[in-house]
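1. coords please:
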Amino acid sequence: ELVENSISTSVDKVYSSTVIVVSYKNGKEISTGTGFVYKKDDKNAYIMTNNHVIENADTVEIEFNDKSERIEAKILGGEVYSDIAVLTIDTEKANNIVEIGNSTEIKLGDTIFTVGSPMGLTYKGTVTKGILSGKERMVEVSISGNSTDYYMNVLQLDAAVNPGNSG
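-> Numbering: from 1, shown residues only. Coordinates of the predicted model:
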């Protein structure tokens with residue numbers, strides 16, 4: 001029986017392509033976050049995550065939501081101002097890709113959801129649901145930690161996004 005308000009079909013499209021990212025420095029875990037496969041070619045699958053998840057790491061591993069195998073990923077690079085980083089793994093290790101939409105086409109009140117790993121590996125694959133609450137919100141961003149370095153134009157949503165959902 002189909003429940004009209006269900007997002008399960010949409011979640012199914014991205015669930016197996018979403019990963020937890022585990023970052024290490026000198027063999028010690030320093031952070032976790034979420035990422036997703038957004039592109040594949042003959043050799044590599046490309047995973048997008050947040051730069052702050054991997055920025056101090058010397059080694060990164062990923063684990064897909066639907067598997068328990070850890071895979072070492074290579075850090076291609078990251079950018080602090082957009083807070084985006086890209087990792088690669090062998091293409092045959094990856095599932096499908098997550099199709100990236102156009103954020104200018106969404107409307108206030110549209111249903112949105114997250115798939116992530118809030119609070120680390122224990123809650124891997126958590127799904128939260130909400131609505132798009134606001135568009136073109138300007139938020140202060142501090143990289144140095146004690147002053148506003150720049151403003152970022154963001155979307156506001158009311159789905160629960162906890163530490164570790166980043167990415």
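
2. Lowest-scoring secondary structure element of the protein by mean pLDDT?
-> Lowest by mean pLDDT, DSSP states H and E among the helices and strands of the chain is strand 150-157, with a mean of 87.

3. So Asn44 sits against Leu87, correct?
-> No. Using Cβ atoms under 8 Å, Asn44 is not in contact with Leu87, being 9.7 Å away. Glycine gets a C-beta too; all of them are placed from N, C-alpha and C.

4. Specify which residue of the two has the higher count of neighbours.
-> Counted by other Cβ atoms under 10 Å, Asn44 and Leu87 do not tie: Leu87 has more neighbours, with 27 against 17.

5. Show me what the more buried one bridges to in the sheet.
-> Per DSSP bridges, residues listed as beta-bridge partners of Leu87: Ile47, Ile75.

6. how far away is Lys25 from Lys124?
-> Separation of Lys25 from Lys124 (Cβ to Cβ, to the nearest Å): 21 Å.

7. out of these two, which sits in the more crowded spot?
-> Higher neighbour count among Lys25 and Lys124: Lys124, with 22 against 12, using other Cβ under 10 Å.
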